[in-house]
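> just coords:
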């Protein structure tokens, strides 16, 4: 069914779109490939923006997925600063923001997600930042430094990574979180309190259970974050990290099936057989959990780029994966495998006070997910066990004197 | 700059000039050498940039950190000369380095 000469258009030049273009060539696709992105840069890695890059330990070259010359050398028509404004599926044409149109045989939607904006007064003040793009990161880097006061709205992974990098750069950091604990949507309580303790020991202040009612400013620039209890937290800049929403309007407006993300199958194909959707924008099946959901992670972007490129070039689909993600804060490496769906027990392995432990989320005697702090064996083994669904002994798993290899034996 | 030879599991050789300061992983990924996935981009978080360092080069590529050892311990098809290529920094001393790639990174 595959046609290696098909005309492929990829909308979105992030991690997913860029990887799909490169894989298509690696898998022998000979037809035209266009890669349309609304940023000025060729595809780059976003994770370092809140970590190594922000701290000055990585430069633009090292962020780039491929050197710019790669795209020309591999006949990939990369179009920066360009956005798709309309998808005309009946003609298989995309209308672009520069007024031109692109025809396609196969379309890949890799349009990602955008940061949610807080609908409060003062949200348009200068100095209010978000962190999705390299340009956002440039603005943030300029705003943090010794003695600068940084407010971080949202105690999720991005907020906490920014807080850690902000401290490393000498800024005063306050994290403002609506819930009563950090990482409330994504991590268990043990992990929430562990991270709060670590950040506090590095001098980060927290305002928990605090709702932001607005931002105040002078001369158009933010000077404080107003809270529901009447207080104002003074700041020189504020980063808003309260989640993201998929850029699925192009799809929904053209009648593709969407559900907070573009609905796709195991090949990353949408309800239109000529159109794929990959990465943050896709609402995809995850067979090990028997459900569909949307993920915002690099491993997910890479996996779906593989799925789409394989389907387009007639390769067998990649073996089903265990979703995973990571976060670096201070000298902590957090590695998470799986998602804690349908769990009935949380099991701690190791002592959080040692700075090295893992939290396993179980459904009966099967592991659904693991959160590992500075514990690669627990992460690596946990990931395998999530994938192969092998039952584990809880007694062994919670006993540090039994190695992870023995747990599985 | 160092000339690095990446040999795929099927024997296909890729000879690439890699800038000093990059990692052996980045040298492969940026030049589209297949066989090194490097899902995490060099954060030592995923063990998908596993390579076998040619014996003659084992000393020059240095020691692996405890984190790297620990990740490798649970990767597939590990050999005594296994390394995570994101943890090997390229220097002039590595000019001529040869690394072999495993059959799969997953």
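Structure received. Just so you know, these numbers come straight off a predicted model, no measurement behind them. Numbers count the residues shown, from 1 in each chain, chains lettered A, B, ... in the order given.
> point out where chain B drops to low pLDDT.
Scanning chain B for pLDDT under 70 picks out no residues.
> for chain A, same thing?
In chain A, residues with pLDDT under 70: A:1.
> any chance you could map the helices in it?
Along chain A, counting by DSSP state H, helices occupy A:15-26, A:60-63, A:69-73, A:134-143, A:157-168, A:189-201, A:249-253, A:298-313, A:376-388, A:394-397, A:404-408.
> how much space separates the most centrally placed residue in chain B from chain A?
Compute the mean C-alpha point of chain B, and by C-alpha atoms, centre = their mean the closest residue is residue B:85, 2.8 Å away. From residue B:85 across to chain A, the span is 15 Å (C-beta to the nearest C-beta, to the nearest Å). No exception for glycine: its C-beta is placed from N, CA and C like everyone else's.
> cool, residue B:101 as well?
Distance of residue B:101 to chain A, given as C-beta to the nearest C-beta: 14 Å.
> tell me the contacts of the residue nearest to the centre of chain B?
Residue B:85 makes contact with B:23, B:24, B:25, B:28, B:36, B:38, B:49, B:50, B:51, B:99, according to C-beta atoms under 8 Å, 6 or more residues apart in numbering or on different chains.
> OK, now which residue of chain B is nearest to chain A?
For chain B, the residue closest to chain A is residue B:74, as judged by C-beta to the nearest C-beta, at 3.4 Å.
> out of the contacts of residue B:85, name the ones that lie in strands.
Those of the contacts of residue B:85 mapping onto strands are B:50, B:51, B:99, per DSSP state E.
> in ChimeraX, select just the buried ones from these.
Command for ChimeraX that selects the buried part of the ones in strands among the contacts of residue B:85, burial taken from 16 or more other C-beta atoms under 10 Å in any protein chain shown:
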select /B:50,51,99
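> would JSON lines of the ones in strands among the contacts of residue B:85 with distance to residue A:249 be doable?
Converted to JSON lines, those look like this (distance: C-beta to C-beta, whole Å):
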{"residue": "B:50", "distance to residue A:249": "40"}
{"residue": "B:51", "distance to residue A:249": "43"}
{"residue": "B:99", "distance to residue A:249": "45"}
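> what strand or helix carries the residue of chain B closest to chain A?
Assigning secondary structure by DSSP states H and E places residue B:74 outside every helix and strand.
> quick check: residues of chain B near chain A?
Within chain B, the positions near chain A by C-beta under 8 Å from any C-beta of the partner chain are B:22, B:26, B:29-30, B:32, B:34, B:37, B:39-41, B:43-47, B:67, B:70-71, B:73-75, B:106.
> and the closest residue to residue A:174 other than its chain neighbours, what is it in contact with?
Residue nearest to residue A:174 in three dimensions, not counting chain neighbours: residue A:205, with 4.6 Å by C-beta to C-beta, 6 or more residues apart in numbering or on different chains. Residues in contact with residue A:205 (C-beta under 8 Å, 6+ apart) are A:172, A:173, A:174, A:175.
> bridging residues for the second one?
On the basis of DSSP bridges, residue A:173 takes part in beta bridges with residue A:150.
> neighbours around it, how many?
26 (other C-beta atoms under 10 Å in any protein chain shown).
> with the third one instead?
By other C-beta under 10 Å, 21 other residues sit near residue A:174.
> and the closest residue in space to residue A:170 that isn't next to it in sequence, how far from chain B?
Distance criterion C-beta to C-beta, 6+ apart; nearest residue to residue A:170, sequence neighbours excluded, is residue A:146 at 3.4 Å. Noted for residue A:146: a distance of 27 Å to chain B, by C-beta to the nearest C-beta.
> which residues in chain B form helices?
Under DSSP H, chain B gives helices at B:24-30, B:66-72.
> who's in contact with residue B:26?
Counting by C-beta under 8 Å, 6+ apart, residue B:26 touches A:62, B:18, B:42, B:86.
> on that earlier part again, winner for burial among the helices of chain B?
Comparing the helices of chain B by mean neighbour count (mean count of other C-beta atoms under 10 Å in any protein chain shown), helix B:24-30 comes out on top with a mean of 25.
> look up the closest residue to the closest residue to chain B within the stretch 1-150 of chain A, ignoring the ones flanking it.
Nearest residue of the stretch 1-150 of chain A to chain B: residue A:45, at 4.6 Å (C-beta to the nearest C-beta). The shortest distance from residue A:45 to any non-neighbouring residue, by C-beta to C-beta, 6+ apart, is to residue B:41 (4.6 Å).
> same check on residue A:391?
In space, residue A:391 is closest to residue A:365, 4.0 Å off (C-beta to C-beta, 6+ apart).
> quick revisit: which residues does the residue nearest to residue A:170 contact?
For residue A:146, the contact set (C-beta under 8 Å, 6+ apart) comprises A:169, A:170, A:171.
> could you check how far it is from residue A:236?
Relative to residue A:236, residue A:146 is positioned 12 Å away (C-beta to C-beta, to the nearest Å).
> repeat that for residue A:99.
For residue A:99 relative to residue A:236 (C-beta to C-beta), the value is 40 Å.
> residues from the stretch 201-350 of chain A in reach of chain B?
So the stretch 201-350 of chain A meets chain B at A:298, A:299, A:302, A:319, A:321, A:324, A:326, A:328, A:333, A:335 (C-beta under 8 Å from any C-beta).
> what sits against residue A:79?
A:34, A:35, A:36, A:37, A:96.
> still on that earlier bit, can I get the buried part of the residues of chain B next to chain A as one PyMOL selection?
Here is the PyMOL command that picks out the buried ones among these, judged by 16+ other C-beta under 10 Å:
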select buried, chain B and resi 22+26+29+30+32+34+37+39+40+41+43+44+45+46+47+70+71+73+74+75
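> re the thing from before, which one of the contacts of residue B:26 has the most neighbours?
Going by other C-beta under 10 Å, residue B:86 tops those with 27 neighbours.
> just confirm that residue contacts residue B:22, I think it does.
No - using C-beta atoms under 8 Å, residue B:86 is not in contact with residue B:22; the gap is 10.2 Å.
> related to what we said a few turns ago, which one of the helices of chain B lies closest to residue A:53?
helix B:24-30 (14.5 Å; C-beta to C-beta).
> work out the gap between the closest one and the centre of the chain.
8 Å (C-alpha atoms, centre = their mean, to the nearest Å).
> what of stretch A:136-146?
20 Å.
> likewise for stretch B:75-82?
12 Å.
> please name the spatially closest residue to whichever residue of chain A sits closest to chain B (chain neighbours excluded).
Residue nearest to chain B within chain A (C-beta to the nearest C-beta): residue A:380, separated by 3.4 Å. Spatial nearest neighbour of residue A:380, excluding adjacent residues (C-beta to C-beta, 6+ apart): residue B:74 at 3.4 Å.
> now do the contacts for the one you found.
Counting by C-beta under 8 Å, 6+ apart, residue B:74 has contacts A:376, A:377, A:380, A:381, A:384, A:404, B:47.
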